[in-house]
Each structure stands twice: as structure tokens, then as C-alpha cells.
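K.L.:
quick one, structure for this:
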Amino acid sequence: MAKRKQERRRAKERRHEYEEVWLDADGNELAPEEVDPVVTASAAKTPAQAKGKGKSAPSRGRGRIAQPPSWRRVGKRALIFAPLMFVTVYLIGGSKLTLAGKLLQTVVLLAFFVPFSYAMDSIGYRSYQKRLGQTDKPKQKP
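P.N.:
Now for the predicted structure:
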């Protein structure tokens, strides 16, 4: 279901009529009758775009480029989350566990976190490849 902002944008697109604006080499507006049938791409741009100052249209659905999973990236992530996990175990554990017990519990949590994080990276990368249509076909056995 579309969000409110998306619905407003779609309604606005349906409500307004957009005109094509043709510009000559100097940046002056031309009437549609004055335009040659073959117009170069540079003449069709607005003056700001012709100078390189204009914003390009945002590419829809193109966030970050997903990178293939790597253990090095997962290790860095684990180094970031390890202190956070320890603080959480320390605060939740109360006085029931000793400091060594809390450290051991943090290590156990990291033992689950690291492979799970790598699996999530690989799933995300595979889904990104599928969206692009660049799935690697498995090799067939002869």
C-alpha cells in the first residue's frame, strides 16, 4: 500500500499538465512550432542543466549498491557491537553473574551474531543481484 507522501505525489502528477519546454543554444524558450524535428539533447536541457548545475532526476529504488559479503566487514561490525552487547549483558545480568560470566555470555552472543550477520549480508547481496537481473547461473555437471 502506498504511503501518504507517495499518494500525494501521484495525485499531483495526475492533476497537473506538464508542457515540454524547448530551449535554443542561447537558453531562449522556443514555441513548439519553431522547434526542428531533430533536437539535440543539449538544446532540450534547461540552462542550469546545460551548465551542469541542475539536479538529475532521482533514480527510484536505487539506494546503496550492495557489496558482496565479506568476513572482514562482519568482523568490523562485531567489534562495534561487542561493547554494546557487553554493556547490555552487564546491565541486564544484575548481580547474578560475575564479570567473567558476563564476558563469557558476551562471547556466546558474538558467536551467534557473527555467522548470522554474514548470512544476512549474503541474503541481501543475492536479492540485490536478482533485482538487477545478474544472477550467477550454477554450472551444470557434464
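
K.L.:
from now on I want contacts and neighbour counts done on CA atoms only, so please keep to that.
P.N.:
Fine.

K.L.:
what about the strands in the protein?
P.N.:
Here the chain has its strands, by DSSP state E, at 22-23, 29-30.

K.L.:
closest one to F113 among these?
P.N.:
When those are compared by C-alpha to C-alpha, strand 22-23 sits nearest F113, at 57.0 Å.

K.L.:
what's that closest one packed up against?
P.N.:
Other helices and strands packing on strand 22-23, by 3 or more C-alpha pairs under 8 Å, 6 or more residues apart in numbering; DSSP states H and E, are strand 29-30.

K.L.:
partner strands of the strand it packs on, parallel or antiparallel?
P.N.:
strand 22-23 (antiparallel) (DSSP bridges).

K.L.:
mind listing what's buried in stretch 126-137?
P.N.:
By neighbour count with 16 or more other C-alpha atoms under 10 Å, stretch 126-137 contains the buried residues R126, Y128, Q129.

K.L.:
how near is L79 to A11?
P.N.:
Shown here: L79 relative to A11, a distance of 47 Å by C-alpha to C-alpha, to the nearest Å.

K.L.:
any chance of CSV for the strands of the chain, columns mean neighbour count and mean pLDDT?
P.N.:
Formatted as CSV, the strands of the chain follow (neighbours: other C-alpha atoms under 10 Å; pLDDT from 0 to 100):
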stretch, mean neighbour count, mean pLDDT
strand 22-23, 18, 73
strand 29-30, 13, 74
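
K.L.:
what residues go with each domain of the chain?
P.N.:
Taking automatic domain parsing as the criterion, the chain consists of the domains 10-47, 71-132.

K.L.:
and those domains, which is most packed in?
P.N.:
Comparing the domains of the chain by mean neighbour count (mean count of other C-alpha atoms under 10 Å), domain 71-132 ranks first with a mean of 14.
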